[in-house]
Every structure is written in structure tokens, then in C-alpha cells.
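[1] Pasting the sequence and the predicted coordinates here, then a few questions.
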There are 2 protein chains.
Amino acid sequence: MKEGPDISRVAALIGDPARANMLSALMDTRARTAGELSAEAGVTKQTASSHLAQLLDAGLVHRDVQGRHHYYRLAGPDVAAALEALMTLSDARAGRRLRAGPSDPSLRKARVCYDHLAGELGVLMFDRMTSGGWIGAADDALSVSDLGWKRLKQIGIESQDFEGTRRPQCRTCLDWSMRRYHLAGSGGNAVLERIFQNGWARRSKGSRAVVFTPEGEGRFRRWLEGSARRR
Amino acid sequence: MKEGPDISRVAALIGDPARANMLSALMDTRARTAGELSAEAGVTKQTASSHLAQLLDAGLVHRDVQGRHHYYRLAGPDVAAALEALMTLSDARAGRRLRAGPSDPSLRKARVCYDHLAGELGVLMFDRMTSGGWIGAADDALSVSDLGWKRLKQIGIESQDFEGTRRPQCRTCLDWSMRRYHLAGSGGNAVLERIFQNGWARRSKGSRAVVFTPEGEGRFRRWLEGSARRR
DNA sequence: GATATGGTTCGATTAGGATCGAACCATGAA
DNA sequence: TTCATGGTTCGATCCTAATCGAACCATATC
């Protein structure tokens, strides 16, 4: 019967509402203190401390101690991937039974998925990149094509920045709100960072939503369009 | 605080060992009766019935009633994807603390992941296909290239077989034992079916392992090599 | 030193849910 | 009809784990 790894242990950890809220809050790769997380989860700090100890023990989160503050963050991209897969499931199933509403519309339009862009704009970007030939299949999974590097350079991303990184440059990630793919991996991360640095958008405080300025969204879309014409 | 879908509900469902065992058993897309599943999970049929009712209510499994037999199967690929993501997590974390051993070696070499091939041979196949240019990025996610269709035809897969299917032809799926990608989607499914039809391998009874014959594994590898030379 | 604040540990309480025995229902066979 | 088998429902039991009050520890500030 017992085949492969034991899922139930880690699933049970995520199965508690308090812990699930904490993990969801950490999905944007930013670290939080234990106190902040207890507030996110809606429990006292004692309870939160207990939960965080379990998550730490299971290796789902890392802890950085700075002075009297304990900063927690997700242990890695694989944790975020599992959470995202569960969100995809939950969203599809919930939509069927009580049509949970668009939750937060801004969250569906653009949000941070671990360290890259998700939501409508994230899916749009992935579509344009693939149809325009910016990225293609290479030795392992996806990587950026020559044309892609040209386009990325337009917004300030250089290929040298990725030398020596073992992390795959591009990865697909299934979007829970769109149920289509968007771009993950270090490539996706680089684009998101650029979007912030260029002032096209900012992180919503206390939320995973990415808020584009009208100007920024226009520039972003025009940048993507540039490739569609050369299809 | 409450952002996006509620993960904890579905995670808690998977978090129970009995339910996790049932779901894991169903990962090969074959349906099982309630009785079989109760045996897989190691609980009485009353308990199993209660669990299955919950899984059914949450939309994680489907039920087909045939006579007095109730056949259960996974509700869809997204459920399998979430389970796979959790396996990836569990395997990585378990390996760190007690080096859970190779579990079942045959399982690591080749196994069924929902409806496609996973394990060492599955990852090998994906590597060869991408490095050889069989598949590439297209309008949406991955799809088969002209060269790819030629190669697939060699083993009896025709492009016409995929007309009108809305399901994406190719998808990446992270392998929990290899921690690399293998080929999922209808494309991955077609290859696996062919492998069985050609008699290269058979399903291990009562396990997700895929057992290749020496002859079959040789043919499979030689088929993949054909592309690598043309790299 | 004293005091405030962020976090963890301990202990007791409580509630949710997994479990199984027994009864019950439906299908199929005799 | 009677009997056997596969599944579900009901009810009672039992156990785990979430929760919080209170105490305790560590870091910072005065």
C-alpha cells in the first residue's frame, strides 16, 4: 500500500486554518515576524509560536533570528508550488459550490506568486512570450531565446545576471485564478523585479496584489505587444 | 488577511493518513471500489465510506455506480497535480531527516504519474525531447514540433488523434523522486499508452510502478536516442 | 539596575473528528 | 422468498491537537 512519500504529514500541516493563513501570507517571499504572522492567522502569539515551530520542524519555513525578532519565510520554491497547486484546487472546487466571488478583483488581475507575477497580467505575459518566441524548450525545461534576451534587455535585464545560477531560468506555474500558465523561475522573478524597479507597479501593503499604475500598465502591455507584431 | 482561496479545507482532507492513502492509490487514474480503497487505507469499510463521502463532497474524486459496486477515481488532472506537488515536498523533507530510503527502487525508475510516465525514465524522456527539439513553446504552454510529430509517428502516435481536444498537449510536471521535470498532458499520456500497447512495459499490479521488459527498455531508449543524435 | 517588548514554553481545557460496532439498504444469486 | 455481498448510516467512544492564560527567557531601551 505505502507507495512513495507520505503526503499526509505535510498536508495535515497545511490543513490547519491558522497555519494555512500564515503560509499564504508568506507566499510573496517576504519574511514576517512571528507577531505579524499571529495577526495574519488571527490567533494569539502563543498559538502562532506553536504552529511556527511545527512548520519549522517540517522544513516548510526558514527562520532568521535578528535581535529579538524572529523572521519567518517560506523554505523554497517547491513549498510555494505546492501551495499554489492547492489554491488551484480550492478555487476550482469552491467556485463550483458557492461561487466564492472574485474574492479580491485586484488579486485576480495581478498578484505576486512567490517571487513572480501571476493573475491576468501574468498569464498575458506568458502567452505573449511563448507565442512571440521569447522562450523555448532547451536542454532542461524552458529557457530564454536570443530574441527573448533582446526583448528583456529593453527593460534592463541582462543575460549575464543569470550566469552560474543553478535555478532553472523559466518554469511554468499553473495560475489558480486563470487556470492557465504563467512564467515562474528566475526568469519570471527578474521580470517582476524590473516591473517594480521601473515603477510600473508596486506591492500592495499587506496583500499579495500587485498594483499597476495606469502609465505602468500601458508600458508593460506595449512592451509585450512589441513581440506579438513580430510573431 | 483572507487572500485567495481557502487552502486549509482541501489540505486538511488530504492531511488524514487514510484519505491520503486512498488518493495516492488512485493516482494512476484507475478506478477502485470502496472496498478496495478501504483495504489500501487499512481501515474498515465504514470508516472508508465516511472518508470517501467527504472526498466526493469536496469534489476531489468522482464516483461511478455500477450495480452494487461503487467505483471511485480522481476528479481530474489538477487533483493529481496537487498530490504530486505534495509528494515532491514530502520526499525532499523526509530525505533530509531520516533519509527515507529509496522506498521502492522500481518506483523511482519508472512509475505512473496520473496518466503519464514519471521517474528516471520519464525525466530522461523529457530531457531528450526538449534537447532534441521534439517539443517547443507555442501559443499556450508547450506543444509538439514538426520534428516531434515525426518521431512520435515512429511509435504509432498520429497528430490527428489530438484534434479537437481542449486539453493542452504537453505540460511539465515536477517529479518528486528526481526533482526534475517530466512530460505530462495529453502528449505524455499518449506516449505512455503507446509504451503499454507496444508491450515495452506493463503496469505492476497493485502499484504505480511501470515495469519495462529488457527488450522494451532498449527499444524505448533507442527511440529517444534517435533524436539526441540530431541535436 | 529597572522596564517594556517580542517570542517561546508549560499546563489545562476543550472540541473536532477519526474510528469501529451494529444496524440498515441495495443489488445480485439461488 | 431467502441468503450473501458491497456500501452507507447511525451512535458511542476515544484521542489528538488547537487554543489560550500564565510564567519564563531574551533583547532592547531608559
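    Perfect, I can see it now.

[2] Would the helix ranked longest in chain A count as contacting chain B?
    When every helix of chain A is counted residue by residue (DSSP state H), the longest turns out to be helix A:77-98. Yes. Counting by C-beta under 8 Å from any C-beta of the partner chain, contacts between helix A:77-98 and chain B involve A:78-79, A:81-94, A:96-97. C-betas here are computed from N, CA, C, even on glycine.

[3] Going by neighbour count, which of those residues are buried?
    Burial by neighbour count, judged by 16 or more other C-beta atoms under 10 Å in any protein chain shown, picks out A:78-79, A:81-94 from the residues of helix A:77-98 next to chain B.

[4] list the buried ones in the helix or strand residue A:50 falls within?
    Under the assignment given by DSSP states H and E, the secondary-structure element containing residue A:50 is helix A:45-57. Residues of helix A:45-57 classed as buried by neighbour count (16+ other C-beta under 10 Å): A:48, A:51-52, A:55.

[5] before we move on, back to that, show the subsequent helix or strand relative to the longest helix of chain A.
    Where DSSP H and E defines the elements, the next helix or strand beyond helix A:77-98 is helix A:105-109.

[6] Buried residues in that next one, which are they?
    Along helix A:105-109, these residues count as buried under the neighbour rule (16+ other C-beta under 10 Å): A:106-109.

[7] just stretch A:202-217 next, same as before
    Along stretch A:202-217, these residues count as buried under the neighbour rule (16+ other C-beta under 10 Å): A:203-204, A:207-212, A:216-217.

[8] Confidence-wise, which of the buried ones among the residues of helix A:77-98 next to chain B comes last?
    Across these, no position has a lower pLDDT than residue A:94, which has 73.

[9] picking that back up, of the buried residues of helix A:45-57, which ones also sit close to DNA strand D?
    The subset of these within reach of DNA strand D, counting by C-beta under 7 Å from any atom of the strand, consists of residue A:51.

[10] Tell me where chain A is predicted with low confidence.
    In the predicted model, chain A carries pLDDT under 70 at residues A:1-4, A:95-103, A:137-141, A:163-168, A:227-231.

[11] Which residue ranges make up each domain of it?
    According to automatic domain parsing, chain A is divided into the following domains: A:7-75, A:79-229.

[12] what about the helices in chain A?
    Assigned by DSSP H, the helices in chain A fall at A:7-15, A:17-25, A:34-41, A:45-57, A:77-98, A:105-109, A:120-131, A:146-154, A:185-197, A:214-229.

[13] okay if I get those as a markdown table plus distance to residue B:187?
    A markdown table is the format used below for the helices of chain A (distance: least, C-beta to C-beta, whole Å):
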| stretch | distance to residue B:187 |
| --- | --- |
| helix A:7-15 | 26 |
| helix A:17-25 | 33 |
| helix A:34-41 | 41 |
| helix A:45-57 | 37 |
| helix A:77-98 | 20 |
| helix A:105-109 | 29 |
| helix A:120-131 | 16 |
| helix A:146-154 | 23 |
| helix A:185-197 | 21 |
| helix A:214-229 | 25 |
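
[14] can you list the ones you listed in a markdown table and add distance to DNA strand C?
    Below are these laid out as a markdown table (distance: least, C-beta to the nearest atom of the strand, whole Å):
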| stretch | distance to DNA strand C |
| --- | --- |
| helix A:7-15 | 9 |
| helix A:17-25 | 10 |
| helix A:34-41 | 3 |
| helix A:45-57 | 3 |
| helix A:77-98 | 16 |
| helix A:105-109 | 26 |
| helix A:120-131 | 31 |
| helix A:146-154 | 38 |
| helix A:185-197 | 25 |
| helix A:214-229 | 33 |
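
[15] between these, which one is nearest to residue B:159?
    Minimum separation from residue B:159 across the helices of chain A (C-beta to C-beta) falls at helix A:120-131, 19.5 Å.

[16] Can you list the helices and strands that the closest one packs against?
    Counting by 3 or more C-beta pairs under 8 Å, 6 or more residues apart in numbering or on different chains; DSSP states H and E, the packing neighbours recorded for helix A:120-131 are helix A:105-109, strand A:181-184, helix A:214-229.

[17] how far does stretch A:196-208 stretch from start to finish?
    According to C-alpha to C-alpha, to the nearest Å, stretch A:196-208 extends 14 Å from its N-terminal end residue to its C-terminal end residue.

[18] mind checking how far it is from the chain centre?
    With C-alpha atoms, centre = their mean, to the nearest Å as the basis, the distance from the averaged C-alpha position of stretch A:196-208 to the chain average is 13 Å.

[19] That one near chain B anywhere?
    Yes. Stretch A:196-208 reaches chain B (C-beta under 8 Å from any C-beta) through A:207-208.

[20] Nearest residue to residue A:33 in space, ignoring adjacent ones along the chain?
    The shortest distance from residue A:33 to any residue other than its chain neighbours is 5.1 Å, reached at residue A:69 (C-beta to C-beta, 6 or more residues apart in numbering or on different chains).

[21] Neighbours of the one you found, how many?
    Neighbours of residue A:69 under the rule other C-beta atoms under 10 Å in any protein chain shown: 13.

[22] and it, bridged to which residues?
    Using DSSP bridges, the bridge partners assigned to residue A:69 are residue A:66.

[23] what's near enough to touch the residue nearest to residue A:182 when sequence neighbours are not counted?
    For residue A:182, the nearest residue in space outside its immediate sequence neighbours is residue A:122; the separation is 3.8 Å by C-beta to C-beta, 6+ apart. If you count contacts by C-beta atoms under 8 Å, 6 or more residues apart in numbering or on different chains, residue A:122 has them with A:110-111, A:113, A:116, A:175, A:182-183.

[24] Would you show me how to pick out the buried ones of those residues in ChimeraX?
    The ChimeraX command for the buried members of these (criterion: 16+ other C-beta under 10 Å) is given here:
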select /A:110,111,113,116,175,182,183
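
[25] can you put the contacts of residue A:122 in CSV and add distance to residue A:23?
    Formatted as CSV, the entries for the contacts of residue A:122 read as follows, by distance: C-beta to C-beta, whole Å:
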residue, distance to residue A:23
A:110, 21
A:111, 15
A:113, 13
A:116, 18
A:175, 18
A:182, 20
A:183, 22
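
[26] Quickly name whichever of the contacts of residue A:122 is closest to chain B.
    Distance ranking of the contacts of residue A:122 against chain B, using C-beta to the nearest C-beta, places residue A:111 first at 8.0 Å.

[27] Make sure the closest one is actually in contact with residue A:118.
    Yes. Counting by C-beta atoms under 8 Å, residue A:111 touches residue A:118, with 5.4 Å between them.

[28] how much space between residue A:113 and residue A:106?
    Counting by C-beta to C-beta, to the nearest Å, the gap between residue A:113 and residue A:106 amounts to 14 Å.
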